[in-house]
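*Asks:* return atomic coordinates for the entry below.
(chains A, B and C)
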Amino acid sequence: MREKTAKELRAALKAGETSAAALAECYLAKIAAEDAAYHAYNTINERAAAEAAAVDKRLADGLDSPLAGVPVAIKDNIATETMPTTCSSKILQGFMSPYNATVIEKLAAAGAVLLGKTNMDEFAMGSTTETSCTGVTKNPWDTAKVPGGSSGGSAAAVAAGLAPVALGSDTGGSIRQPCAYCGLTGMKPTYGAVSRYGLLAYGSSLDQIGPIAHTAADCAAVLQVIAGYDEKDSTSAKDVRFDFAAALTGDIAGKKIGLPKNYLGEGLDAEIRAAILAAAEQFAALGAEIEEFEMPMLEYAVPAYYIIASAEASSNLSRYDGIKYGYHPEGFADLEDLYLSARSEGFGPEVKRRIMLGTFALSSGYYDAYYQKALKVRALIRQNFDAAFAKYDAIISPVAPTTAPRLGESLSDPLAMYLSDIYTVAVNLVGIPAISLPCGFDAAGMPIGMQLLGAMWSDDKLIDLAHAYQLHTDWHEKSPARKEAE
Amino acid sequence: MEIDAKMVEYVAELAKLRLSEPEKAAMQQDLTKVLQYMDVLNQLDTADVPPLTHVSGVENVFREDEAKPSFGREKILQNAIAVEDGCFKVPQTVE
Amino acid sequence: MSGYKNTGYEVVIGLEVHVELNTATKIFCNCSTAFGAEPNTHVCPVCSGMPGVLPVLNRKVLEKAVAAGLATNCTITQQCKFDRKNYFYPDLPKAYQTSQLYLPICRNGYVEIEGDDGPKKVRIHQIHMEEDAGKLNHDAKSGSTLIDYNRCGVPLLEIVSEPDMRSAAEVQAYLEKLKSTMEYLNVSDCKMQEGSMRADVNLSVRRVGDPELGTRTETKNMNSFKAIARSIEYEIFRQIEVLEDGGRVQQETRRWDDEKGIGYAMRSKEDAHDYRYFPEPDLAPINISDAYLAEIAAAIPELPDQKKTRYVADYKLSAYDAAQLTRSRYLAELFEQTVVLGGDPKEAANFLIGDCMRLLNAEGREPESLSFSPENLAALLKLVAASTINKTTAKAVFEKIYTENIDPAAYVKANGLEMLSDDSELDSLIADIVAANPKSVADYQGGKKAAAGFLVGQVMKATKGKADAAKVNAKLQEILNKQA
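*Replies:* Numbering: from 1, shown residues only, chains lettered A, B, ... in the order given. Sure, this is the predicted structure:
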């Protein structure tokens, strides 16, 4: 049962070849045996076996959904009532949410079985999963390398075969970049397509929950279950309904794909550039029309993004004060000391840095020059994307300038780390969907990813593009285990 | 933008973070570096550009004014630092 | 009052009034807003600031805010957003208050009040929607504070005036105008004792004729008209004294201790005013259509000033009586229903303003707590009009209506309170009294006309108050004058 897709597992369940309980048991056993090598998981769901047995009863009663009986791993910033939700931060140690996130309720209704909560950069702030307070996660393709971040635990779990699919969250590339580093397919949906209720906020106007999987078809399966309007989330879209199952036609003849030349310039690994160009040719071979163009303002996305994300984070993370939940300091002298102790002992260095940056950007006298300015630049970037999508069905782009770096190399220079997000953050700033999928390997055998960017609410069409590519390529079928076997 | 030590202390106070002296020095350096990089935004003329705060175009979202049962108090208090008489308990606030 | 009028100083006052909306549920979640529940029982993950939760705006809050703005002559901000106001305090579980700074729902309005020098307009700078904070109970003994989030997320309107008031009396008039307007709109109950209406007073003094405003102080969070008036008087004299002593008024936030009758400065904090407002990303922007505005405007009921004018014109009430009746929407409605049921408007007004208010004031109750029906008041007025009972009896019967909402006709009948309608019976009674009191008769006839009053009293006593006093008086005069 290793590295099966959700689609294959569903087929096996439908054929009566396996059961939800057997699948859960199989994955739990594999996690128990192998996760020590990766540390993909923060928490294992102790009730998974019982929950799977309950799902088997529902399956017998005719339950049918794209994820019925399928095990799923959950990023540890999505609220679950029966497992701790920690954001891999000391300040939330032991926190038991009094409620479930909407996506968790939807997964439960669809009969998915939760395997556990996966490691991440603390509060999703990081690109390597090294800022986690529970320890680093290792890349299953090379355990000396990072899995990417912030959804590194979810990506490592799927890549190592410790979950068929996982949920991640993407504020500035946190689904797409780990997928690129781990040879997976993952999607950041249009802002508002998936409910954020129960997603512990980092940058509220940027965050989206999305799938991490082996294939575009599995991304569609997960989105079929979790996407849709939620009355608890004022920013979720009411009138948009996707039929992801029907969207997978594999026929992309006549689609126009833009290839931004300036995205392929200086700073991008030559091997990645070559892989992207080869992917573009593959799309052309499938009947799509590829056109090179200039996508302006690439260099402004990172500064605008980090101002907005940090500002929102500084406010979102103010509620962690040691009083209501999470880490409780001891020996404090008074209320002020309680606040200071909880927050200073509870947050790690990268989180503190972003809280400081965001607090500064909103503070009296600097709001206009930084926060307001960033919002205006965001509007300009949006105009550029709107113009591009007036011409193209999708834009093809690198995900990261390099393949996965070695552990321990990234954190020492925060600015350099921020700059490595250059290809991913604009998507979140403007709200559009993007899907990241494997398109090659570098000389060291590490996966290379590309991303396809689409107009607002084109999620289904974007998945179809990725699906068509995967029908004619096999990069997504490679895995660390199979690599070893070869 | 150059961040001085006083600014680091002021922002830390606003953010309720207690920084050690080495942390302050590192923070001053990191923030200065990042903010100087961010000054690249000033190359863009945004005088007539309205700020973009909400990207999805969703507006006018309301709920009906119908009361639903509240949560069990024990669930709300289950993660608290200290509880007394059904309340969160903290050191006395001063006015 | 206004003892400072001769000091050569002028007072400049602006108010920030917080009005709790009378919605069934909180502003961003479905928890009840009911007052007085056990601590933390009207609480859910949203209003207790649990990680990951999101707000959804209560439709009624917007409706009521728009109505309040229209009724106070404001311009409604049709493209409107919420902002976050960031600060740490244990009564604020998210460590930010969802409020409005950049695009408040209402701007540039005014209300008209009866000022010290006649009618005047107090301008309203803005009205915005926001959420209330929780309640902190301090336990000095254990040195701890207990946090109750029941009030967290109760919807508030903050009504910010321009500095247009010049005395405590004008502040009171302004507050009363706001209170009655909000009650009429069914926006708020404005129960000050429950904290559903509270005011922050911004006050400065300056030499009369000085064009510059003086340094102002802000006295926060008072919730009774009396406390507000006293704190203003106190602060005026404090500031004048500081200036007269050659000092400077410090810009500061102050508290009023109503028990001790003193104000004091709050510990000021360096960071107190850097709230780092920014647009709330979790709430969708509001786009108010002209049609929606028209719909809310059409639903606004007749407001106190309009009612007052109509009472004077239609019912020939005095301006004073009309103002008294319309101060409370409940009282005005009771009055109108009584009149519709056939009660005489003037008499109805007399009972409601006189006896009814006297009884309410004695118990410290608000008109909203009245429990008698307009039917019974109208029936009482009809009994008076038909001379079935006299005025003294009517007052006694009204008290019964006030306390027990009795049916006056049945009550009068059961207790035999009708006036004596049989003239022959009355005539013989009067004859008896005259015969039994020769001294008084002699006094009267000797020129002491007041003696007649004693005789009338004796007759009334003999009839147990059931006679028509005017009639008794007339008959007595006739007999006495005839005898003379």
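*Asks:* for the residue positioned nearest the centre of chain A, what are its contacts?
*Replies:* Nearest residue to the geometric centre of chain A (Cα atoms, centre = their mean): residue A:175, 2.1 Å. Counting by Cβ atoms under 8 Å, 6 or more residues apart in numbering or on different chains, residue A:175 makes contact with A:151, A:168, A:169, A:186, A:187, A:188, A:210, A:211, A:212, A:436. Bear in mind the C-beta positions are built from the backbone N, C-alpha and C, glycine included.
*Asks:* mind checking pLDDT for the closest residue to chain C within the stretch 201-350 of chain A?
*Replies:* The minimum distance from the stretch 201-350 of chain A to chain C, using Cβ to the nearest Cβ, falls at residue A:318 (3.3 Å). At residue A:318, the predicted lDDT confidence score is 98.
*Asks:* give me the distance between it and residue A:325.
*Replies:* For residue A:318, the distance to residue A:325 equals 14 Å [Cβ to Cβ, to the nearest Å].
*Asks:* more neighbours, the two?
*Replies:* residue A:325 (28 against 25; other Cβ atoms under 10 Å in any protein chain shown).
*Asks:* hmm, residue A:95 and that one touching each other?
*Replies:* Yes. Applying Cβ atoms under 8 Å as the test, residue A:325 and residue A:95 come out as touching, 5.0 Å apart.
*Asks:* so what sits against both of those two?
*Replies:* B:79, C:51.
*Asks:* the residue nearest to residue C:342 when sequence neighbours are not counted sits in which helix or strand?
*Replies:* In this structure, residue C:342 finds its nearest non-sequential neighbour in residue C:378, 5.5 Å apart by Cβ to Cβ, 6 or more residues apart in numbering or on different chains. Of the helices and strands defined by DSSP states H and E, residue C:378 is found in helix C:374-385.
*Asks:* where do the domain boundaries of chain C fall?
*Replies:* Under the assignment automatic domain parsing, the domains of chain C span C:15-201+C:272-292, C:302-414, C:423-483.
*Asks:* mean pLDDT lowest where, among those?
*Replies:* domain C:423-483 (a mean of 84).
*Asks:* the longest helix in chain B is where?
*Replies:* Ranked by residue count and defined by DSSP state H, the top helix of chain B is helix B:21-38.
*Asks:* in it, which residues are buried?
*Replies:* Buried residues in helix B:21-38, counted by 16 or more other Cβ atoms under 10 Å in any protein chain shown: B:23, B:26, B:27, B:28, B:30, B:31, B:32, B:34, B:35, B:37, B:38.
*Asks:* list the contacts for the third one?
*Replies:* In this case it means residue B:27. Contacts of residue B:27 by Cβ under 8 Å, 6+ apart are A:352, A:353, A:356, B:8, B:12, B:19.
*Asks:* could you redo the last one with a cut-off of 10 Å?
*Replies:* For residue B:27, the contact set (Cβ atoms under 10 Å, 6 or more residues apart in numbering or on different chains) comprises A:349, A:352-353, A:356-357, B:3, B:5, B:7-9, B:11-12, B:17, B:19.
*Asks:* looking at pLDDT only, which of those residues scores worst?
*Replies:* residue B:3 (93).
*Asks:* SS state for residue A:158?
*Replies:* Classification of residue A:158 by DSSP: H, G, I helix; E, B strand; the rest coil places it in helix.
*Asks:* strands of chain A, residue ranges please.
*Replies:* Here chain A has its strands, by DSSP state E, at A:41-44, A:71-75, A:113-118, A:165-170, A:185-188, A:208-213, A:256-260, A:289-293, A:394-398, A:434-441, A:447-453.
*Asks:* got the ones you listed as a markdown table, with mean neighbour count, mean pLDDT and distance to residue C:68 columns?
*Replies:* Shown next, in a markdown table, are the strands of chain A (neighbours: other Cβ atoms under 10 Å in any protein chain shown; pLDDT from 0 to 100; distance: least, Cβ to Cβ, whole Å):
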| stretch | mean neighbour count | mean pLDDT | distance to residue C:68 |
| --- | --- | --- | --- |
| strand A:41-44 | 22 | 98 | 49 |
| strand A:71-75 | 31 | 98 | 44 |
| strand A:113-118 | 28 | 98 | 46 |
| strand A:165-170 | 30 | 98 | 40 |
| strand A:185-188 | 34 | 98 | 42 |
| strand A:208-213 | 31 | 98 | 37 |
| strand A:256-260 | 20 | 98 | 51 |
| strand A:289-293 | 14 | 98 | 52 |
| strand A:394-398 | 25 | 98 | 48 |
| strand A:434-441 | 27 | 98 | 44 |
| strand A:447-453 | 28 | 98 | 45 |
